[in-house]
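Trainee: With the input below, show me the fold.
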Amino acid sequence: MSNSDLNRLAGKVAIVTGASSGIGQGIAIAMGQAGAHIVVNFHSDEEGALETQKQIKQAGGKAVTLEADVSKPEDAQLLVDTAIKQFGTVDILVNNAGVQQDQDFLKMSMEEWQTVIDINLTGHFLCAQAVAREFAKRKVQPEARTAAGHIIFISSVHDIIPWAGRANYTAAKGGLQMLMKTLAQELAKYKIRVNGISPGAIKTDINRKEWETEEGRKKMLAQIPYGRIGAPEDIAKVAVWLATDEADYITGTTIYVDGGMTLYPSFNS
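Mentor: You can find the predicted model right below:
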């Protein structure tokens with residue numbers, strides 16, 4: 001992170017769900033480096049969450065880890081309660097937690113469908129509702145160039161690009177797109193900003209088998225006009241900026257951080 005990024009979120013408190021690895025870990029660390037105090041949420045990977053916390057503390061930030069299942073209302077509320085108990089307030093929610101359970105549509109079980117919907121869509125709803133209830137208590141004048149709070153949904157380019165074998169995942173991500181827009185519209189009167197980030201191909205553990213092999217890497221790059229596979233830091237920098245007052249007039253918007261994947265490169269010739 002450059003010197004210009006330091007202290008951009010000084011004194012702010014952020015909850016980052018699914019922050020034990022990949023994109024969530026990258027966002028939590030970047031926000032911590034920018035001066036925010038972080039609630040590092042994890043579901044099963046405590047070791048990864050502690051590594052996230054360690055890196056935030058090494059950068060001079062403050063962080064606590066919290067095991068919580070975002071698909072449960074009581075756990076979503078616990079995230080907000082923990083932020084307030086540990087740091088006195090909450091300013092930012094990054095809804096990042098997500099899973100994949102890929103399966104052909106004709107073979108997909110109810111459990112495979114429901115698990116992905118529960119975490120990737122319902123979990124985002126529950127966390128957003130819990131934090132928005134807190135944000136809505138604040139009195140911010142309409143003309144003020146600052147928000148009562150920020151909600152950032154981490155979606156995917158597959159909120160608009162179909163993806164065979166993943167009907168559960170794409171349905172959840174498509175649902176997130178309209179959930180984000182509806183909340184942005186409904187919560188604007190409270191000066192709550194709601195936006196989304198939709199990553200393309202990012203180097204994380206979930207797709208390691210693809211980008212670590214030459215054949216897989218070539219296949220991924222064929223869908224990326226810009227010519228490189230993204231890193232968690234590419235998403236993290238955008239998330240930090242969206243949570244600053246520099247982006248105060250932006251709400252209800254999805255930023256696609258995808259190297260041009262949504263330009264449908266197969267139509268380039």
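
Trainee: May I see the buried residues of the least confident helix or strand in the chain by mean pLDDT?
Mentor: Ranked by mean pLDDT, DSSP states H and E, the weakest helix or strand in the chain is helix 208-211, scoring a mean of 80. Buried residues in helix 208-211, counting neighbours by 16 or more other CB atoms under 10 Å, are found at 210-211. All C-beta atoms are positioned from the backbone trio N, CA, C, and that covers glycine.

Trainee: Give me the mean pLDDT for whichever helix or strand comes after that helix.
Mentor: Downstream of helix 208-211, the next assigned helix or strand under DSSP states H and E is helix 214-221. Per-residue pLDDT values across helix 214-221 average out to 91.

Trainee: Give me the packing partners of the next helix or strand along the chain from helix 214-221, helices and strands only.
Mentor: Next in sequence after helix 214-221, counting helices and strands by DSSP H and E, comes helix 232-242. Judged by 3 or more CB pairs under 8 Å, 6 or more residues apart in numbering; DSSP states H and E, helix 232-242 is in contact with helix 22-33, strand 149-154, strand 192-199, strand 254-257.

Trainee: and if we set it to 10 Å?
Mentor: Under the contact definition 3 or more CB pairs under 10 Å, 6 or more residues apart in numbering; DSSP states H and E, helix 232-242 sits against strand 13-16, helix 22-33, strand 92-95, strand 149-154, strand 192-199, strand 254-257.

Trainee: Could you dump the ones you listed into a markdown table and include distance to residue 101?
Mentor: Formatted as a markdown table, these follow (distance: least, CB to CB, whole Å):
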| stretch | distance to residue 101 |
| --- | --- |
| strand 13-16 | 23 |
| helix 22-33 | 17 |
| strand 92-95 | 19 |
| strand 149-154 | 18 |
| strand 192-199 | 19 |
| strand 254-257 | 24 |
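
Trainee: between these, which one is nearest to residue 39?
Mentor: Checking the helices and strands packed on helix 232-242 against residue 39 by CB to CB gives strand 13-16 as the closest, at 4.5 Å.

Trainee: could I have the closest one exported to CSV, CA atoms only?
Mentor: Taking Å, rounded to 0.1, in the frame of the first residue of the first chain, the C-alpha atoms of strand 13-16 are listed here in CSV:
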residue,chain,number,x,y,z
VAL,A,13,-14.4,0.4,12.2
ALA,A,14,-15.0,-2.3,9.6
ILE,A,15,-16.5,-5.8,9.6
VAL,A,16,-15.2,-8.0,6.9
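
Trainee: Just checking: what are the partner strands of it?
Mentor: Here strand 13-16 is paired, per DSSP bridges, with strand 37-42 (parallel), strand 92-95 (parallel).

Trainee: Let me see the mean pLDDT of it.
Mentor: Mean pLDDT, strand 13-16: 98.

Trainee: Tell me which residues are up against the least confident helix or strand of the chain.
Mentor: Helix 208-211 is contacted from outside by 201-204, 216-221, 229, using CB atoms under 10 Å, 6 or more residues apart in numbering.

Trainee: now residue 197, which residues is it bridged with?
Mentor: Beta-bridge partners for residue 197, by DSSP bridges, are residue 154, residue 255.

Trainee: Show me how far the least confident helix or strand of the chain is from its chain's centre.
Mentor: Helix 208-211 has its C-alpha centroid displaced from the chain centroid by 21 Å (CA atoms, centre = their mean, to the nearest Å).

Trainee: ok, now stretch 159-168?
Mentor: Centroid displacement of stretch 159-168 relative to its chain, using CA atoms, centre = their mean, is 19 Å.

Trainee: Okay, buried residues for it please.
Mentor: For stretch 159-168, a neighbour-count test (16+ other CB under 10 Å) marks 159, 161, 166-168 as buried.

Trainee: Ok, stretch 168-180 next?
Mentor: Quick answer for stretch 168-180 (16+ other CB under 10 Å): 168-177, 179-180.

Trainee: Ok, stretch 145-164 next?
Mentor: Quick answer for stretch 145-164 (16+ other CB under 10 Å): 147-159, 161.

Trainee: If anything else comes up later, I'll come back, but that's it for now.
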